[in-house]
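Trainee: this one's sequence-less:
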């Protein structure tokens, strides 16, 4: 009985030694998470995407319009970083053409009667022109422009309200003016100080996805490679149980997965400013359980695919739906109900959910208990199915 | 009469409707070099894979070293060594790391692995290469270490599936001489080969398998005597008279081959199965 864990260990050790010696695989192993993080970190829009966005301005009014344009032009996201880069046009069609040729990502039209409306107690109107080819940037730009216009409008109404207050109550204060302009002010608070950005949302998902797909690919490829080269026969002919062979291979992949997870975590923290609010060890435990929940599927794939190529194709079949349905990039709650149901049978969903709870919300063991139990159950059931299949397939 | 170390009775292996090995029976005596010849796809490797517990027979039975190959696979494995058609070594590991790995899987203590490696490696001219990664070796060097790997457990029976395929004459000569040396130390050898000179030089008895059935089984002299149309028949004459001169399309290997080397494998009869 003691022999089984020993055999398992020898196989895992050999697999890891082979892996460390294979420079190509080693480089891919390190490059892959870096690549994924850089892609997601820099390409997906976040707060920092509002930076030097090209905005067109068609100002048909005089001084008041110029004032608004100056506010837009001077708006800084952080000290020294401007939100917009203003380009001037004379009318809406010109701005639309500029959007079409991607010279600007949106525009604002200030009509000639803005000042007239403002001074004759009429509600004035400015038009925001959106770049519909880029909804995310358009949404961020529009939101920012709307806030700017709203604040600008309030800065115009404030002195008028002051005068009215003076007339009706005989006194006026900034607080009283604000109470009329903004009777209810909302305060934002979270579990932690500071804003979260999209990257913080996506980092746990990327970590889980990179690791779990690497484990799946690794396990499938590891068995099929040994089959193709013939070395599997050498293992099979030894008096070693089939379970220790596949579990040894799974163990090697798990160690690799954990190391890769740590790389992702370090990169996210050091280069992308992600803060881990919860316990790092708990995070790694969840990752390990995530791997465990995937091992069975990996074994099934490796048992059914005689060649590396087939294994890879099978993996792609699983990888893509998993990537989009498990909430790596978008919250599951945003998906249609039917899709949400599918996501519930993917273990990756629970691994990501638990990792987010720990990383972003600082959740402890109690917060992720259900996810952990589900991952354990997934792993146990899949292994119970996969190991006998593997045993059968391997000796045909 | 020598005691039988392998007893095969009505052994059959079917892949769906195709019988790769069809109801064959033969015995191998202890201490002999038994040749297993046949055209591509005839069923040689399938038989070897069944006898080495790598493949489950569809029906029939076989005792290897007195142990049932279906009921007591682990026990069978303790008595056998295999030099398969493909070299069973990891390219990224050194020769010694490979030997240590396979030795440990056979539950051998490290000292014993080193002791036996040091016994066989110098004999096959590989002593100074123990710490070199196998990937840097030539095919001949790999095969020599591969043979040492198969001998680590000092098996009673050594299965050799085309051990000299693609090797230079020097290495081939070294391996053949070594096989005879091993045999003189009472190791039973089951050898499959397409090299008729090799079969002639080494084997005490030969079974010729064709279309999954044993077409001839006897010692070399008797087999040659049966060739009547030649004055001094060679083993090649024996082989062709038994199996004919028609080139085989080896339909079996088309079904069995899962690799992407064309429908009939790589020109040799490796019945690769999952």
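Mentor: It's in. Because the structure is predicted, anything quoted here is derived from the model rather than measured.

Trainee: pull up the residues of the stretch 201-350 of chain A that are close to chain B.
Mentor: Contact residues (CB under 8 Å from any CB of the partner chain) of the stretch 201-350 of chain A with chain B: A:227-231, A:233-241, A:306-307, A:309. Placement of C-beta: from N, CA and C, glycine included.

Trainee: any idea how many residues pack against the residue of the stretch 101-250 of chain B found nearest chain A?
Mentor: Relative to chain A, the nearest point of the stretch 101-250 of chain B is residue B:105 (3.8 Å; CB to the nearest CB). Residues near residue B:105, counting by other CB atoms under 10 Å in any protein chain shown, number 26.

Trainee: what's the closest non-adjacent residue to it?
Mentor: Using CB to CB, 6 or more residues apart in numbering or on different chains and skipping the chain neighbours, the partner closest in space to residue B:105 is residue A:238 (3.8 Å).

Trainee: what about the one you found, which SS state?
Mentor: Put simply, residue A:238 is coil when judged by DSSP: H, G, I helix; E, B strand; the rest coil.

Trainee: circling back to that earlier point, which ones among the residues of the stretch 201-350 of chain A next to chain B are found in helices?
Mentor: The helices, defined by DSSP state H, take in A:227-229, A:231, A:233-236, A:309 from these.

Trainee: now the strands for chain A?
Mentor: A:53-59, A:76-78, A:81-82, A:84-89, A:106-110, A:127-130 (DSSP state E).

Trainee: I should have written the stretch 101-250 of chain B there, sorry.
Mentor: Using DSSP state E, counting those that start in this stretch, the strands of the stretch 101-250 of chain B run over residues B:157-161, B:188-192, B:205-210, B:213-219.

Trainee: now tabulate those strands in TSV and tack on distance to residue B:65, mean neighbour count and mean pLDDT.
Mentor: Shown next, in TSV, are the strands of the stretch 101-250 of chain B (distance: least, CB to CB, whole Å; neighbours: other CB atoms under 10 Å in any protein chain shown; pLDDT from 0 to 100):
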stretch	distance to residue B:65	mean neighbour count	mean pLDDT
strand B:157-161	6	24	96
strand B:188-192	9	26	96
strand B:205-210	18	24	94
strand B:213-219	21	17	94
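
Trainee: with adjacent residues omitted, what lies nearest to the residue of chain A found nearest chain B?
Mentor: In chain A, no residue comes nearer to chain B than residue A:230, which is 2.7 Å away by CB to the nearest CB. Closest residue to residue A:230 apart from its sequence neighbours, by CB to CB, 6+ apart: residue B:86 at 2.7 Å.

Trainee: the one helix or strand in chain A whose mean pLDDT sits lowest pairs with which strands, parallel or anti?
Mentor: Least confident helix or strand of chain A, by mean pLDDT, DSSP states H and E, is strand A:76-78 with a mean of 75. Paired with strand A:76-78 in the same sheet, following DSSP bridges, are strand A:81-82 (antiparallel).

Trainee: quick one: average pLDDT of the partner strand?
Mentor: Here strand A:81-82 scores 80 as its mean pLDDT.

Trainee: quick one: residues in contact with it.
Mentor: A:51-52, A:73-76 (CB atoms under 8 Å, 6 or more residues apart in numbering or on different chains).

Trainee: one more time with 6 Å
Mentor: Residues from elsewhere that reach strand A:81-82 (CB atoms under 6 Å, 6 or more residues apart in numbering or on different chains): A:51, A:76.

Trainee: what sits closest to residue B:186 if chain neighbours are left out?
Mentor: residue B:31 (5.2 Å).

Trainee: that neighbour: neighbour count?
Mentor: Neighbourhood size, residue B:31 [other CB under 10 Å]: 17.

Trainee: distance of it relative to residue B:98?
Mentor: Remark: distance between residue B:31 and residue B:98 (CB to CB, to the nearest Å) = 29 Å.

Trainee: gap between stretch B:147-158 and the chain center?
Mentor: Taking CA atoms, centre = their mean, to the nearest Å, the mean C-alpha location of stretch B:147-158 is offset from the chain mean by 12 Å.

Trainee: what's the span of stretch B:30-40, first residue to last?
Mentor: Using CA to CA, to the nearest Å, the end-to-end distance of stretch B:30-40 comes out at 28 Å.

Trainee: now that stretch: average pLDDT?
Mentor: The pLDDT scores in stretch B:30-40 average 94.

Trainee: also stretch A:234-251?
Mentor: Stretch A:234-251 carries an average pLDDT of 91.

Trainee: same thing with stretch B:62-79?
Mentor: The average pLDDT within stretch B:62-79 is 94.

Trainee: any bit of it sitting next to chain A?
Mentor: Yes - using CB under 6 Å from any CB of the partner chain, stretch B:62-79 reaches chain A at B:74, B:77-78.

Trainee: which members of those residues are classed as buried?
Mentor: Buried members of those, scored by 16 or more other CB atoms under 10 Å in any protein chain shown, are B:77-78.

Trainee: check the burial of the residue of chain B found nearest chain A by counting its neighbours.
Mentor: Closest approach between chain B and chain A, counting by CB to the nearest CB: residue B:86, at 2.7 Å. Residue neighbour count, defined by other CB under 10 Å, stands at 19 for residue B:86.

Trainee: chain A contacts on chain B?
Mentor: B:52, B:54-56, B:74, B:77-78, B:82, B:84, B:86, B:88, B:90, B:92, B:101-102, B:104-106, B:258, B:273-274.

Trainee: so of those residues, which ones are in helices?
Mentor: Short answer: the residues of chain B next to chain A in helices (DSSP H) are B:74, B:77, B:101-102, B:104-105.

Trainee: need the max-distance pair from these.
Mentor: By the measure CB to CB, B:74 and B:101 form the most distant pair in those, at 18.6 Å.

Trainee: quick one: the residue of chain A most remote from its centre from residue A:162, how far?
Mentor: Here the centre of chain A is the reference, and by CA atoms, centre = their mean the most remote residue is residue A:170, at 54.8 Å. With distances taken as CB to CB, residue A:170 is found 12 Å from residue A:162.

Trainee: what stretches of the stretch 101-250 of chain A score poorly on pLDDT?
Mentor: Residue ranges of the stretch 101-250 of chain A with pLDDT under 70: A:192-197.

Trainee: quick one, helices of the stretch 1-150 of chain B?
Mentor: For the stretch 1-150 of chain B, applying DSSP state H, counting those that start in this stretch gives helices covering B:44-51, B:73-77, B:95-105, B:110-123, B:139-151.

Trainee: got CSV for the strands of chain A, with distance to residue A:319 and mean neighbour count too?
Mentor: Formatted as CSV, the strands of chain A follow (distance: least, CB to CB, whole Å; neighbours: other CB atoms under 10 Å in any protein chain shown):
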stretch, distance to residue A:319, mean neighbour count
strand A:53-59, 34, 22
strand A:76-78, 36, 12
strand A:81-82, 37, 14
strand A:84-89, 39, 18
strand A:106-110, 36, 24
strand A:127-130, 35, 16
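
Trainee: out of those, flag the one nearest residue B:238.
Mentor: The closest of those to residue B:238 is strand A:53-59. By CB to CB, the value is 86.1 Å.
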